[in-house]
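A.B. asks: what's the 3D shape of this:
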Amino acid sequence: MSNGEINPDPVPSLSAEAVAALNGPSVSVYMPFNIELDEMTAELFGQAVDLSGTIIKVNDTVPVSALYDAAASAGWLHFLQAADEDAFSVYVNQAKAEDVSGALATALYISEGESYDPTNKGVAHLDASGAFGDAVGEAWYNYNSLQDFLMGYFARKILGHPGALAAISNDSTLRAAYTTKYHAGMNAIYGGAGAAVADVPAELDVSGVTAALVGVTVPANGLSSADLELIVQQMMNQAPDRFADVGDRGTLCPVRWAEGDKIYVQLYLKDNKYKLNTGAPSGAAHPVLLNATNATGVTGGGVETAIENDYYVLEFTIGA
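C.D. replies: Numbers count the residues shown, from 1 in each chain. As a prediction, the model looks like this:
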């Protein structure tokens, strides 16, 4: 039997004895058609996430235990198939979200990057060779922290080379600002305040989370229910076997991550500016001294020039 056919073979010819036997108490009926199940496609979550930009490879792996703990049957995300089997929901485990946020920040050396250490030049925690290319020289492919890369980005956009760092006088201000902005963006992994909730344990109930529990205020622009489902849909597309034993419908199950998985986070550099300080500070005679007022931030006073918006994509790999 093939292609779903009830009987793909031709109807056999019957002998006279067989025909006589068929007139007895039972009958065998050969239906004159086939049922063919072919050329049909079950489409699984065709929507894609549109990330644009050059990839910056994060070389330090993110431990799989931050996203999925098999022993504790806990994960950053939990999957719940509806009772009617027609839909599913995804919930954030707030305690594990803290682990994920910390692991990603650690891989980017966020804390270490808050101040510049020249001995870290070329330390290969971030591979930005795709971002800067051959024109800058191999010495400027690798960076110790996300902030180190961002300072190189400013120098490249403004002065043509990521190594022209000495001209940027508010290095520490920019580093501190980017640290704050990174954490503000990463808070999305705790889930959005408007995400749908169900009768699930408190740590998975986004609307019931308090700042004391997770250490942050759940952001209004955090991942929505649709966002969370899209993450899981991508996993279903590529590794459906991880959902083969999720249990009965209506049973909450952790979403399984594995070594070798990758996480991509878009880094959107927008509305940034630079300015040249040409005035002398108040009470000083020397015209080349920096104007302290104008040197406090890129978007402070003075003449400002916009830097075109750019996209980069951080590529994380799940490891042991």
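
A.B. asks: Around L51, how many other residues sit close by?
C.D. replies: By the measure other CB atoms under 10 Å, the count of residues near L51 is 13. To be clear about C-beta, it is placed using only N, CA and C from the backbone, and glycine gets the same treatment.

A.B. asks: what's near enough to touch it?
C.D. replies: Residues near L51 by CB atoms under 8 Å, 6 or more residues apart in numbering: Y264, Q266, Y311, V313.

A.B. asks: By neighbour count, which of these wins?
C.D. replies: The most crowded member of these is V313, carrying 18 neighbours; neighbours defined as other CB under 10 Å.

A.B. asks: Tell me the strands beside the helix or strand hosting that one, with direction?
C.D. replies: Under the assignment given by DSSP states H and E, the secondary-structure element containing V313 is strand 310-319. Using DSSP bridges, the neighbouring strands of strand 310-319 in the sheet come out as strand 54-58 (parallel), strand 62-63 (parallel), strand 262-269 (antiparallel).

A.B. asks: Tell me where the protein has strands.
C.D. replies: Counting by DSSP state E, residue ranges of the strands within the chain are 54-58, 62-63, 68-69, 74-75, 77-81, 88-92, 126-127, 142-143, 252-254, 262-269, 273-275, 304-306, 310-319.

A.B. asks: hey, where'd the helices end up in the stretch 1-150 of the chain?
C.D. replies: Shown for the stretch 1-150 of the chain, the helices assigned by DSSP state H, counting those that start in this stretch span residues 16-22, 64-67, 94-107, 129-132, 146-159.

A.B. asks: closest one to A188 among the ones you listed?
C.D. replies: Of all the helices of the stretch 1-150 of the chain, helix 94-107 sits nearest to A188, with 9.6 Å by CB to CB.

A.B. asks: elements contacting the closest one?
C.D. replies: In terms of contact count using 3 or more CB pairs under 8 Å, 6 or more residues apart in numbering; DSSP states H and E, helix 94-107 is assigned the packing partners strand 62-63, helix 64-67, strand 74-75, helix 171-186, helix 211-214.
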